[in-house]
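Student: Sequence first, then the predicted structure:
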Amino acid sequence: MVATVETISAVEEATGKYKYGFVTDIESEKAPKGLNEDIIRFISSKKNEPEWMLNWRLKAYRHWLKMPEPNWSKLSIAPIDYNDIYYYSAPKTVEKISSLDEVDPELLATYEKLGIPLKEQKILSGVAVDAVFDSVSVATTFREELSKAGVIFCPISEAIQNYPELVRKYLSSVVPVSDNYFSALNCAVFTDGSFVYVPKNVRCPMELSTYFRINEQKTGQFERTLIIVEDGGYVSYLEGCTAPQRDENQLHAAVVELVAMKDAEIKYSTVQNWYPGDETGKGGIYNFVTKRGSCRGDRSKISWTQVETGSAITWKYPSCVLKGKNSIGEFYSVAVTNGAQQADTGTKMIHLGEGSKSTIISKGISAGKSQNTYRGLVEINRGAESARNFTQCDSLLIGQSCGAHTVPYIVSRNPSGKIEHEATTSRISEEQLFYCLQRGISEEDAVSLIVNGFCKEVMKELPMEFAVEAQKLIGISLEGSVG
Amino acid sequence: MLPELDKFEVKNYWQRAHLDSFLELGWPSSKNEEWKFTSLDRLIKKPFEIALNPEGDIKYKLAPDIKDSYKLIFRNGIFDSHTSKNAAHNFTINNVLEDASAFTTINKSFLKNHPIFNLTLGAMRSAIVIDVDNASSDIPPIIELYFTGGLIEQSSHPFVMIRLGKNAKVNILETHCSVNSLSAPIVFVELSDGSVCDHVKCQVAELNSDQLGLTLISQGTGSDYRNFTLSSGGNISRSELHLNLNGEDASCHLSAIYLGNKDQHIDITTRLHHNVANCKSEQVIRGVLDDRARGIFQGKIRVAPEAQKTDGQQMTRALLLSRETEADTKPELEIFADDVICSHGATIGEIDEHQLFYLASRGIPEMEARSMLIEAFLIDTLSEIRVPEFEKQVEYYIQEWVSQSTNLSTLTV
């Protein structure tokens, strides 16, 4: 079916104009352009890192040199000159501040413009924010309150100084150094990011959030996020990102690692709104991100929610390794592409533990000349007795020059595992449908009720400023969708 | 391991070109996305050379004989005109190797860098093209392609092209039971406007033989093509089907059953291209895996920007009977047109406990109950076969497979 008029206008509103394309005029300190061992040493010494960190970075770099650039995705990527990028760029005034009052007003204004006020008194409903500007974290709010609860929330560069034993234990334990091309590059040159540690039986008292902003020309952003939740802990973490409008392509290669121990739960939400380039495909961010969570303990749960609207190219597969007994992995995604954008995104659910469950709900919407691909892996391994997966991916095309593709990989090595992959909206859950039909709700209404109800449940967990944007996208009617 | 292909004597310059492309790219590795789930390492390590003569004993499977069929026998992959029998049908048969014009179609076809395509086109010793022009006849004639004989130290590369004239009708049955180390047959069916073809392929080779077969289909306006593939033989086997819908209002229906036991590796790959508007395609795939068998289904539907009003459906299900099996599925959609209905579904699991309980509580022994449920699982796919003679053949081979299976008793399909 052809998309409805409301759908088209909703997509245009959501993707048409890039509102965050401005540039902050701030003096910054940069390392020389290019990538070599000296640059890595420079970054490491700038961050005052211990010897083991430097060695770890160099090991990753040497491995990266030997790796080929991946080409299996349905993306056409203009060649990237890794030596034409600044790997370190920091606003000059950022060094050693003790309170927000000392933050460069220019920076505060930038974040205010983006709708992320850093001044604590202005913060909506108490969300702790870590703001990363180019290569460094400029401010982290609500730290004291969090530390009272025992939660550590700080830039990862600080964590390396203050909690080296924790960082050393968990860093690259989920995404190994040599995992893939872009994660290896990230290991070598990452400059900042967030670190979260939630101790045993602590429910993090507020939402944690990181806001990434690329500002400088010809810089790449390589951030690293590490979240560890001990037995019975809970955290909800949000990530937002924007960048100025520029004619060049800028590289963003992040690594996010989540570790959930026994009975722990992590909710990770992203609203990705990097500059997507203009309509002809000029400029925009290359978003090559490795995100992976490890459900190590029994009954642990990791839930990824992503709303993808930006980036010239998105290459990202938030994944769950379900090791613990009865652990749960979830992936909810709405990816909207317009103009000349390309997205190749999806998830991986690796079932190792007995009774592990995973749910994948993915919606791709492509308009203009864009290409939108869902690529997902569900793997049930020998030991994953009675594992269960449900996957549903729908896509919608608007116009005749875009493409929507679905590439699911399903691997089952245990007969007691149950895998269901659906690409039609009419067959979500027979039971739920039956329930609705029985009460006189038409099938079409029932389906949209169930799917929207499902998404809304996740969306309402997002803080206000994220939810508004996300809701708009979720509201897009399901009519005319194709598998 | 194929020895010195660069010195292999070919009959044509274009055969040389195909061999050269094969040599350039080599055997596909599992890094190759198309071959991700099927590793040819076991095959590549085996020593064999290309078959040059029709050798090996002709083995007739005991499947029910089909009367009035036109039976073409390929021994060691080479057309054996002496043993082939012609009922009262009038087909024109030519040798493609001596008829370059027939070959331009093939050379232009869609598989430029396909290793098996290149290898077989380069290595084939005889290649036949059958023209069917019978628009006026009511009953479609049956063509049987019987691939048998062969020597284990050789690889066979038969090639058959069947061209249906305007409004022509034909039913095709392929049976693959040769004993070559590698058997890499290509069957190319070209359907002109308004033609109708029912095509059944039974791949029931011995367990020491690797089978990498290609079926290529091109459909004209208003044509109707229906394919059923049974794959239960061979050590490593891959049945690949590439179908191009090139004329509007054409429809196709592809169904397949794969059955694996012991250490078999069975791969069903389909590539369906909707190139023009208003076409319909449907795919139904069922797999049953026992012992340590591994089954693979990869299906791609591609809808070109021009192919508006496309209806493409695909459903695949796999049933795992033992703890050491593996099922891999990759149902892929590539859609460039906005006004289409396309869907795919996939499920993998074991026999439903509740269903077993239902039957057990009615006094049916477990083994029998399991067989009944497998029968139910396969039956709707089997019923897609429209030619009764062909259905009987397939049923026979399914029986044969079940009788060798350790976790099943008799099955009455």
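Tutor: That came through fine. Numbering: from 1, shown residues only, chains lettered A, B, ... in the order given.
Student: Show me the helices in the stretch 51-200 of chain A, by range?
Tutor: Ranges of helices in the stretch 51-200 of chain A, per DSSP state H, counting those that start in this stretch, are A:51-66, A:105-113, A:143-149, A:156-162, A:164-170, A:181-189.
Student: among these, which is the most enclosed?
Tutor: Here the criterion is mean neighbour count by mean count of other CB atoms under 10 Å in any protein chain shown, and of the helices of the stretch 51-200 of chain A the winner is helix A:181-189, at a mean of 25. From N, CA and C alone the C-beta is placed, and that goes for glycine too.
Student: Can you pull up the most central residue in the chain?
Tutor: Using chain A here. residue A:270 (5.0 Å; CA atoms, centre = their mean).
Student: not quite, I wanted chain B
Tutor: Closest residue to the average C-alpha location of chain B: residue B:239 at 4.4 Å, with CA atoms, centre = their mean.
Student: Show me the one of the helices of the stretch 51-200 of chain A that comes nearest residue A:217.
Tutor: helix A:105-113 (15.6 Å; CB to CB).
Student: average model confidence for the closest one?
Tutor: Confidence over helix A:105-113 (mean pLDDT, whole number) is 65.
Student: what's the answer for stretch A:155-164, then?
Tutor: Averaging pLDDT along stretch A:155-164 gives 90.
Student: Name the residues that touch that stretch?
Tutor: Stretch A:155-164 is contacted by residues A:47-50, A:53, A:130, A:132, A:136-137, A:140, A:152, A:154, A:166-167, A:190-195, A:197, A:223-226 when judged by CB atoms under 8 Å, 6 or more residues apart in numbering or on different chains.
Student: Can you pull out the low-pLDDT segments for the chain?
Tutor: Picked chain A for this. Scanning chain A for pLDDT under 70 picks out A:1-22, A:92-129, A:133-141, A:241-246, A:398-399, A:423-430, A:444, A:447-483.
Student: right idea, wrong chain: chain B
Tutor: For chain B, the ranges with pLDDT under 70 are B:1-3, B:83-90, B:100-101, B:109-110, B:406-413.
Student: Now with 50, please.
Tutor: Flagging of chain B using pLDDT under 50 yields the residue ranges B:412-413.
Student: Which residue is it, in the stretch 51-200 of chain A, that comes closest to chain B?
Tutor: As assessed by CB to the nearest CB, chain B sits closest to residue A:72 within the stretch 51-200 of chain A, at 5.6 Å.
Student: Surely that residue and residue B:33 touch.
Tutor: Yes - between residue A:72 and residue B:33 there is a contact at 5.6 Å, judged by CB atoms under 8 Å.
Student: what's the helix or strand for residue 256?
Tutor: Here I'm looking at chain A. Residue A:256 belongs to strand A:255-260 when assigned by DSSP states H and E.
Student: Wait, chain B was what I had in mind.
Tutor: strand B:251-260.
Student: Report the distance from that strand to the chain centre.
Tutor: Taking CA atoms, centre = their mean, to the nearest Å, one finds the center of strand B:251-260 at 9 Å from the center of the full chain.
Student: Return that strand as CSV; C-alpha atoms alone will do.
Tutor: Once non-C-alpha atoms are left out, strand B:251-260 reads as follows in CSV (Å, rounded to 0.1, in the frame of the first residue of the first chain):
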residue,chain,number,x,y,z
SER,B,251,3.3,-15.5,-11.4
CYS,B,252,5.6,-18.0,-9.8
HIS,B,253,5.3,-20.4,-6.9
LEU,B,254,8.3,-22.0,-5.3
SER,B,255,8.1,-24.6,-2.7
ALA,B,256,10.8,-26.8,-1.2
ILE,B,257,11.3,-29.5,1.4
TYR,B,258,14.7,-30.3,2.8
LEU,B,259,15.3,-33.4,4.8
GLY,B,260,18.6,-34.0,6.5
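Student: in it, what counts as buried?
Tutor: B:251-260 (16 or more other CB atoms under 10 Å in any protein chain shown).
Student: Give me the sheet partners of it and which way each runs.
Tutor: strand B:224-231 (parallel), strand B:280-289 (parallel) (DSSP bridges).
Student: number of nearby residues for residue 176?
Tutor: Chain wasn't specified; assuming chain A. Around residue A:176 there are 14 other residues, counting by other CB atoms under 10 Å in any protein chain shown.
Student: The chain in question should be chain B.
Tutor: For residue B:176, using other CB under 10 Å, the count is 26.
Student: That's all I had, so thanks and see you.
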